[in-house]
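> here are the coordinates; sequence isn't available:
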């Protein structure tokens, strides 16, 4: 197991390096400049700006300098767009926001998704099953850019219960709507995966044996069926967790949270190279770590798996 | 339509501006609300709020609350005293002496001195600062030596501005600049605190470091979420301020912002594109549309390596005449925009719009003339023109491009394809002249016609059409030193309207939704320069 983890981690480093390299090349080949506004700065100002951010250096040197700073100093450099912020500042401000609403979305999605999926499987082909499946499909068909305005319309404009956006340090009333909007489609997927996987498990030999031994149904489900049924869910959860905690540009834009998802998209439009790279590396690293974590959990849950 | 007059000194006399500085002035019978918090929406975060570095309209609005220049504007855009109580102009109109008030202080208690302005202006012009608005000081103000400082050929200390004493600032100009005093209301010309900048570097604008001299101080800033400014009790005119707190929320989505305005969370919000008319019906007192100093237009690429048809003025005129602007202003935009046949907006101070034939004709007449011109130029069904319109990706620009190309096809038989590019890519293509027709928008940086007409100058960096007229260049040069440049401006506009290097389409309006309880909004300020200390809220 430990050799497996060590091997995976060794592979992770070149993977991140490749990711950085590709992003670097793609960004530099995109037309436009971070310093170009509608009113283009004169050549002498442009030269001063390029010198300030090291853009006057040859590409290979910029690339090496960047890598050195990231690896040895954990420094993503200054933002090219926001003059009084570094990329580290932007991540330090935006990531906790998305981490907070992403984490709660994850919890909500897992609890409701697994709960609904299991209920539907146990009550297979009853009205409860149809209702659950209908609900899941319905939720999944509503994208969050439709969900978000509907929530605001109902809870802010009609009922006046919740503020229509903002973050204000993450008070609970600012978190509720982003969590509902973000978790809906994830929860629906989890419910559907859980249901089909549970059905499969419930029809397998060892469950029949357990039932035949006269174990109560609740014990059969919780003790024997749930763990194997969750395996397919687990492989979905790793990337889903990363997706949720690194934020959604839609959620950030609609609810004006100041989260990292919005910075990510805007940095591409603004040619804010350093912010773009910083967030890419953050998301890439998290993806690799959580995929590894899922694989380890897999081994722990499923005794059939050996590394 | 002239709604403003320029501030023109007929004699070189001491100008002591009449009246006290403008301030919030509730009318009789109005009861002030208990909560004087002004909350407004902006679409995007500003790259910087450092006055020397600020480059966007919304960042400049923040700076007008956190800092104060020599002069301010009132609700109609007229100049009123700021840090300066008044100024003298020399006989040759090339030396301005500003008299600074002795009770203006920074938020840390230090007095605001003439030296603070000297430092700020040198810093903004210095290429080492790399200010995106350095050109405002170096190219627009006409201060002695500004050009050489900007290009790095002279030290910033050689800039023609001196602090005679703490309360006297003398500015030397290279030539009489009729609009010079107007430029000191621009954020780039605001004073900045030298000691604070030297202590904190680029991070001096953060709430924990910032020192300002405006009516408000920055107390909170979460990028892409909010900015909170609270009343600066050491501001010299604080007793006339009513709004205690200004909250700027970044809400990217127009519809979402408007919904939150409806829910009462915002005092001022943006009206979603295309919904002005229906919302105006629903909220007649709250939704407003004010003229703005901005023009929407298309560039022809008239460079020698551009398309062959664009070299022919008859074709350019045909395209200029061959579509109905009211379809765009009344059918698509629907927010009080004005069809444009010339470049400089009619609301520009002192500017007289020339009488151009196209503006006076009916659309039938325009179309008929356009057809005749095309035929004369040798284009028709046997020799059709096909062209491409380039615009930056946006639903609004797309609707306009579709409407115009459709009308060209119907009226003139011209096949126009439309092509969009993402903003950064678009700017590069347009700047490099890689287009046939390209979309553009321009807003005045100060309220005088040259802020627009300078774009017709063959040497202008923003002359995207590649227009090159020796006559226009000569007139613009003459206008820079003329006693009264206005007739020359009108003449330039007349020549350009005949040469048609661009297609003026419409003049922008600034459209918004404000709560009926918000008072004092400067509706007649065409530059849309608002100061929170002039606003107040009633019950």
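Ah, there it is. From a predicted model like this one, the values you see are computed outputs, not experimental measurements.
> Verify the contact between residue A:16 and residue A:284 for me.
Yes - counting by C-beta atoms under 8 Å, residue A:16 does reach residue A:284; the two are 5.7 Å apart. Backbone N, C-alpha and C define where each C-beta goes, glycine included.
> what does the stretch 151-300 of chain B have sitting close to chain A?
B:151-152, B:202-206, B:222-226, B:249-253, B:255-256, B:259-260, B:262-263, B:265 (C-beta under 8 Å from any C-beta of the partner chain).
> Show me which of those are buried.
Among these, those classed as buried by 16 or more other C-beta atoms under 10 Å in any protein chain shown are B:152, B:202-205, B:222-226, B:249-253, B:256, B:259-260, B:262-263, B:265.
> Please identify the nearest residue in space to residue B:134, excluding sequence neighbours.
Distances taken as C-beta to C-beta, 6 or more residues apart in numbering or on different chains place residue A:45 nearest to residue B:134, at 5.2 Å, with adjacent residues excluded.
> Hmm, residue B:142 and residue B:177 touching each other?
Yes - assessed by C-beta under 8 Å, residue B:177 is found in contact with residue B:142 at 3.9 Å.
> where do the contact lists of these two overlap?
Shared contacts of residue B:177 and residue B:142, defined by C-beta atoms under 8 Å, 6 or more residues apart in numbering or on different chains, comprise residue B:480.
> For my notes, confirm residue B:530 occurs in a strand.
No - applying DSSP: H, G, I helix; E, B strand; the rest coil, one finds residue B:530 to be coil, outside a strand.
> Near it, how many other residues are there?
Neighbours of residue B:530 under the rule other C-beta atoms under 10 Å in any protein chain shown: 20.
> which residues touch it?
Listed by C-beta under 8 Å, 6+ apart, the contact set of residue B:530 reads B:61, B:64, B:521-522.
> chain center to the helix or strand hosting residue B:374: distance?
Taking DSSP states H and E as the definition, residue B:374 sits inside helix B:363-376. From the chain centre to the centre of helix B:363-376 is a distance of 35 Å (C-alpha atoms, centre = their mean, to the nearest Å).
> Helix, strand or coil: sort out the single nearest residue of the stretch 351-500 of chain B relative to chain A for me.
Proximity of the stretch 351-500 of chain B to chain A (C-beta to the nearest C-beta) peaks at residue B:424, 2.6 Å away. Secondary structure of residue B:424, reduced to three states by three-state DSSP: helix.
> With residue B:288 instead?
Three-state call for residue B:288 (three-state DSSP): strand.
> can you list the residues of the stretch 101-250 of chain A near chain B?
The stretch 101-250 of chain A comes close to chain B at residues A:148-149, A:152-153, A:156-157, A:160, A:163-168, as judged by C-beta under 8 Å from any C-beta.
> These, buried ones only, as a ChimeraX selection?
Those of those that count as buried under 16+ other C-beta under 10 Å are selected in ChimeraX with:
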select /A:148,149,152,156,163,164,165,166,167
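> which two in the contacts of residue B:530 are spaced the farthest apart?
Across the contacts of residue B:530, the longest distance by C-beta to C-beta is 14.0 Å; it joins B:64 and B:521.
> Which residues does the helix holding residue B:374 contact?
B:314-315, B:317-322, B:324, B:326, B:358, B:361, B:380, B:385, B:411-412.
> Among those residues, show me the least confident.
Ranked by pLDDT, these bottom out at residue B:380, which has 82.
> what number of residues lie near residue B:111?
Residue B:111 has 15 neighbours, counted by other C-beta under 10 Å.
> still on that earlier bit, by neighbours, which of the contacts of residue B:530 wins?
In terms of neighbour count, residue B:64 stands highest of these at 25 neighbours, by other C-beta under 10 Å.
> Contact partners for it?
B:72, B:187, B:214, B:529-531.
> Closest one of the residues you listed to chain A?
residue B:187 (14.0 Å).
> Residue B:537 falls within a strand, correct?
Yes - using three-state DSSP, the assignment for residue B:537 is a strand.
> ok, residue 229 - contacts?
Here I'm looking at chain A. Contacts of residue A:229 (C-beta under 8 Å, 6+ apart): A:118, A:121, A:194, A:197-198, A:200-201.
> wrong chain, I was asking about chain B
Applying C-beta under 8 Å, 6+ apart, we find residue B:229 in contact with B:62, B:65-66, B:216-219, B:245-248, B:532.
> Show me what it is bridged to.
Assessed by DSSP bridges, residue B:229 has beta-bridge partners residue B:218, residue B:246.
> Among the residues of the stretch 151-300 of chain B next to chain A, name the ones in helices.
With DSSP state H as the criterion, helices contain B:255-256, B:259-260, B:262 from among those.
> Let me have those residues in JSON lines, adding pLDDT as columns.
Listed next are these as JSON lines, based on pLDDT from 0 to 100:
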{"residue": "B:255", "pLDDT": "88"}
{"residue": "B:256", "pLDDT": "90"}
{"residue": "B:259", "pLDDT": "93"}
{"residue": "B:260", "pLDDT": "94"}
{"residue": "B:262", "pLDDT": "95"}
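> out of these, who's nearest residue B:297?
Nearest member of those to residue B:297, counting by C-beta to C-beta, is residue B:255, at 28.0 Å.
> count of residues packed around the nearest residue to that closest one once chain neighbours are set aside?
Using C-beta to C-beta, 6+ apart and skipping residues adjacent in sequence, the residue nearest residue B:255 is residue B:272, 5.1 Å away. The number of residues packed near residue B:272 is 17, by other C-beta under 10 Å.
> and if you look at the one 10 residues further on?
The local packing of residue B:282 (other C-beta under 10 Å) involves 10 other residues.
> Buried among the contacts of helix B:363-376? Make that a PyMOL selection.
In PyMOL, this line selects whichever of those come out buried by 16+ other C-beta under 10 Å:
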select buried, chain B and resi 314+315+317+318+319+320+321+322+324+358+385+411+412
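> Show me the two of the contacts of helix B:363-376 that sit farthest apart.
Greatest spatial distance among the contacts of helix B:363-376 (C-beta to C-beta): B:326 and B:380, at 26.7 Å.
> tell me the contacts of the residue of the stretch 351-500 of chain B closest to chain A?
Applying C-beta under 8 Å, 6+ apart, we find residue B:424 in contact with A:30-33, A:36, A:269-271.
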